[in-house]
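Student: Just to be clear, the model below is a prediction. Sequence and coordinates:
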Amino acid sequence: MNSRENKTAVGRWFSLLLALLVLPLFVCAQSQKPESKKPEPKPAAPHAAPQHTAPPRPSAPPTNPPRGNEPRGGEARGNTAHGNATHSNEVRGPEAHANATHGNEVRSGQPQINTPRGNEVRGADSRGNEVRGPESHANATHGNEVRSGQPQINAPRGNEVRGAESRVNAPRGNEVRGGESRGTMVRSGRSVNRPDGSVYHFNDRGARTSVRTRTGAEAHFNSRGHLTSIRAHDITINRGVHGERRFETRRADGARLVGYGRDHGYIERGYVRGGRPYIRRTYYYGGRRYAYAYRGAYWHGVAYYGYVPRYYYGRAFYGWAYNPWPAPIVWGWGWGAAPWYGYYGAYFAPAPVYASPSLWLADYLIAANLQAAYEARAAANANAQAAAAAESAAADSEPDDQPVADNNGPVTLTPEVKQAIADEVRAQIEAEKQEATNPNPQPASSDQIPAALDPAHRTFVVSTVLNPEMADGTECSLSPGDVLTRIQDAPDANQNVTVLVSSSQSGDCASGAQVPVAVQDLQDMQNDFRAKIDEGLNQMAENQGKNGMPGGPAAARRASPDGQVQADANVADDLKAQQDAARQAEQDVKQASSGDGSGGND
């Protein structure tokens, strides 16, 4: 038994020794064999670096590929995973893509962030419902296209925003382009070429928004199809729904001519005084000529001109006009039989009593605006009727002597809105008192914010007819006496700011609407506001202690040297020539707009 165990142990040791001797020889022999040549791996294609130019367009670009189909494009591809794909769509690109929701494709050369509700966001191709561009796009909502060379932020509700500069908060379906002066423009809808050479433009609802005549004049319409504005060569015509007209011409000599009908308007010319730019406006009203001066200043490279009073008053008189009266007064304005007062009776009524001069002045300037608008409207209608008679043609299909009803009924100017105007009056009285104390203006080189953009001044009373463009491409009217509240401080690239319509007359832009208005137009409203306050202060000074007006300190009126200017002797002839040019422009548009535009070629 022991001998058998010994033999077994010897055998095991012998086997182990043999394995130790043979294994190194086998390894050495294998290492000396020639290796089989392995194929060299192909170099990986480099990732395309993100650039600020659009990638090449694919030959057959897909749109919203369904369920697991791989979209193709000009972007470089890297690390495309096959498997575990959610919602059967692919998200890819050389940069990060975040939060692409609701089963659509996101592709771009820069980060795409928070693109909700089933739309495609991409950087190369041009299709509907897309957001694209060489810079980041954030929060592009509701299936619209935003395209620009700068960041696009919060472009809501339904259309295209594009331009060479950044656009922030372009509201409610407007297109913003950097190279155009119209501001917010809508490029949706269709165009119709007519046999006479004119072109009709329609919005998505089929409403006619504009007509371009064969001579190049462009007419715009409101939501009810009524003509609101004409731009023809060097003249612009704005038509209010109540029959008002405003004609503006910029002449080759640099003068600007603004007319409101026969024997109403002004001519504006520039001059320099004490090294500062000024403009002089000569007004022609009912056969009377008078002139105001406006001092220029620059804000962010844009020139604005502010009203310069013709006269200043004593500090005590300004204090009397600023503070409440000892007791409320009843004032008889004497307007009861005036045609303008009856016409605007549904919109404006003077206060039964006045507790302060600022409320009295608020009613004074509102009434002055409405009275001037009524007389300008009558003059414009007289011109239109005379032209129609001379041409042996029928008058407009929309009679100019009748107000055009719109979708909002009569609206009364509320006490709350009047109080906002009265607060603005007090602010202007205080500012003028400070000017009277130190009338020397700041140096022209300093950057001075205009009153139209001053955060301390937000309430504006419309002094002339305007037609801002709305989101659907049509225009609405603002008439003298409407009240606006500026809700945006910084103008856009077209020098427009958004205003809230605080109060409006029947047929005008609806109260509560937000519309774009040019800063220069707001500055004109502010200048007219100040001029009418000065007229009202003069009336108060003349009526102190009379007709129920409380007595007060002496007015101590003195001339303001910078506000003294000579009236232009040729203003009446210039306004007449402008009327002739406006009549021809309106006739061209009338002929081109006579059809409904249904004919022609799309």
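Tutor: All right, it came through fine.
Student: Tell me, how many residues neighbour the nearest residue to Ala376 once chain neighbours are set aside?
Tutor: Spatial nearest neighbour of Ala376, chain neighbours left out: Tyr260 (3.8 Å); criterion: Cβ to Cβ, 6 or more residues apart in numbering. Where you see a C-beta, it was placed from the backbone N, CA and C, and this is true even at glycine. If you count neighbours by other Cβ atoms under 10 Å, Tyr260 ends up with 25.
Student: Secondary structure element holding Tyr260?
Tutor: Assigned by DSSP states H and E, Tyr260 belongs to strand 256-261.
Student: Which positions within the lengthiest strand in the chain qualify as buried?
Tutor: When the chain is parsed with DSSP state E, its longest strand is strand 288-299. Neighbour counts using 16 or more other Cβ atoms under 10 Å place Ala291, Tyr292, Ala293, Tyr294, Arg295, Gly296, Ala297 of strand 288-299 among the buried residues.
Student: between those, which is closest to Leu575?
Tutor: Nearest to Leu575 out of those is Ala291 (Cβ to Cβ; 14.6 Å).
Student: mind listing what's buried in stretch 298-315?
Tutor: So for stretch 298-315, counting by 16+ other Cβ under 10 Å, buried means Tyr304, Tyr305, Gly306, Tyr307, Val308, Pro309, Arg310, Tyr311, Tyr312, Tyr313, Gly314.
Student: count of residues packed around Tyr343?
Tutor: Neighbour tally, Tyr343, other Cβ under 10 Å: 17.
Student: repeat for Asp573
Tutor: Counted with other Cβ under 10 Å, Asp573 comes out at 10.
Student: what's the answer for Gly473, then?
Tutor: 28.
Student: As CSV, the buried residues of strand 288-299 with distance to Arg205 and pLDDT would be great.
Tutor: Putting the buried residues of strand 288-299 into CSV (distance: Cβ to Cβ, whole Å; pLDDT from 0 to 100) gives the following:
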residue, distance to Arg205, pLDDT
Ala291, 47, 97
Tyr292, 44, 97
Ala293, 47, 97
Tyr294, 42, 97
Arg295, 46, 95
Gly296, 44, 94
Ala297, 44, 91
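Student: Now tabulate those in CSV and tack on distance to Asp492.
Tutor: Output for the buried residues of strand 288-299, formatted as CSV (distance: Cβ to Cβ, whole Å):
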residue, distance to Asp492
Ala291, 33
Tyr292, 29
Ala293, 30
Tyr294, 24
Arg295, 26
Gly296, 22
Ala297, 21
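Student: Need the max-distance pair from these.
Tutor: Greatest spatial distance among these (Cβ to Cβ): Ala291 and Ala297, at 20.1 Å.
Student: before we move on, back to that, the residue nearest to Ala376 and Gln505: what is the separation?
Tutor: Distance, Tyr260 to Gln505, using Cβ to Cβ, to the nearest Å: 17 Å.
Student: so where's the stretch 451-600 of the chain shaky on pLDDT?
Tutor: Within the stretch 451-600 of the chain, the segments meeting pLDDT under 70 span 595-600.
Student: So which residues of it form helices?
Tutor: All helices of the stretch 451-600 of the chain, identified by DSSP state H, counting those that start in this stretch, fall at 519-542, 571-592.
Student: Same check on the chain?
Tutor: 2-31, 315-322, 339-343, 357-390, 415-437, 519-542, 571-592 (DSSP state H).
Student: Dump the ones you listed to TSV, plus distance to Ala510.
Tutor: Putting the helices of the chain into TSV (distance: least, Cβ to Cβ, whole Å) gives the following:
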stretch	distance to Ala510
helix 2-31	92
helix 315-322	34
helix 339-343	20
helix 357-390	19
helix 415-437	15
helix 519-542	19
helix 571-592	26
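Student: For Ile329, which of the ones you listed is the nearest?
Tutor: helix 357-390 (8.0 Å).
Student: model confidence over that closest one, on average?
Tutor: In this model, helix 357-390 has a mean pLDDT of 81.
Student: likewise stretch 422-434?
Tutor: 96.
Student: Can you give me the buried ones in that stretch?
Tutor: Ala422, Glu424, Val425, Arg426, Ala427, Gln428, Ile429, Glu432, Lys433.
Student: Any idea which of the helices of the stretch 451-600 of the chain gets closest to Leu466?
Tutor: Evaluated over the helices of the stretch 451-600 of the chain, closeness to Leu466 peaks at helix 519-542, with 6.0 Å, by Cβ to Cβ.
Student: Out of the helices of the stretch 451-600 of the chain, which is the most enclosed?
Tutor: Mean neighbour count (mean count of other Cβ atoms under 10 Å) peaks for helix 519-542 among the helices of the stretch 451-600 of the chain, with a mean of 20.
Student: the inter-axis angle of it versus helix 415-437?
Tutor: Calculated by axes from the mean of the first three to the mean of the last three Cα atoms, to 10 degrees, helix 519-542 forms an angle of 80 degrees with helix 415-437.
Student: Which elements pack onto helix 519-542?
Tutor: Here helix 519-542 touches strand 288-299, strand 302-308, helix 315-322, helix 357-390, helix 415-437, strand 459-461, strand 483-486, strand 496-503, going by 3 or more Cβ pairs under 8 Å, 6 or more residues apart in numbering; DSSP states H and E.
Student: Could you figure out how far it is turned away from strand 288-299?
Tutor: Put simply, helix 519-542 runs at 130 degrees to strand 288-299, going by the same axes, to 10 degrees.
Student: can I see the domain layout of this protein?
Tutor: Annotated domains of the chain cover 86-121, 249-590 [automatic domain parsing].
Student: and the first one, what's its mean pLDDT?
Tutor: So that's domain 86-121. Domain 86-121 comes out at a mean pLDDT of 40.
Student: what's around Gln544, how many residues?
Tutor: When neighbours are counted by other Cβ under 10 Å, Gln544 registers 15.
Student: which other helices and strands contact the longest strand of the chain?
Tutor: Against strand 288-299 (3+ Cβ pairs under 8 Å, 6+ apart) you get strand 276-285, strand 302-308, helix 519-542.
Student: report the angle between the axes of the last one and strand 496-503?
Tutor: The reference is to helix 519-542. Using the same axes, to 10 degrees, helix 519-542 lies at 50 degrees relative to strand 496-503.
Student: can I have helix 519-542 written out in CSV, keeping just the CAs?
Tutor: Extracted C-alpha coordinates of helix 519-542, given in CSV (Å, rounded to 0.1, in the frame of the first residue of the first chain):
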residue,chain,number,x,y,z
VAL,A,519,-40.6,108.0,-30.5
GLN,A,520,-40.6,111.1,-32.7
ASP,A,521,-44.4,111.0,-32.7
LEU,A,522,-44.5,110.8,-28.9
GLN,A,523,-42.1,113.7,-28.7
ASP,A,524,-44.5,115.7,-30.9
MET,A,525,-47.3,114.8,-28.6
GLN,A,526,-45.2,116.0,-25.6
ASN,A,527,-44.3,119.3,-27.4
ASP,A,528,-47.9,120.0,-28.2
PHE,A,529,-48.9,119.1,-24.6
ARG,A,530,-46.5,121.7,-23.3
ALA,A,531,-47.6,124.3,-25.8
LYS,A,532,-51.2,123.9,-24.8
ILE,A,533,-50.4,124.0,-21.1
ASP,A,534,-48.7,127.4,-21.8
GLU,A,535,-51.8,128.6,-23.6
GLY,A,536,-53.9,127.4,-20.6
LEU,A,537,-51.6,129.2,-18.1
ASN,A,538,-52.0,132.4,-20.1
GLN,A,539,-55.8,132.0,-20.0
MET,A,540,-55.7,131.4,-16.2
ALA,A,541,-53.5,134.5,-15.8
GLU,A,542,-56.0,136.6,-17.7
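Student: still on that earlier bit, can you say which of the helices and strands packed on strand 288-299 is nearest to Phe202?
Tutor: Comparison of the helices and strands packed on strand 288-299 against Phe202 by Cβ to Cβ identifies helix 519-542 as nearest, at 27.6 Å.
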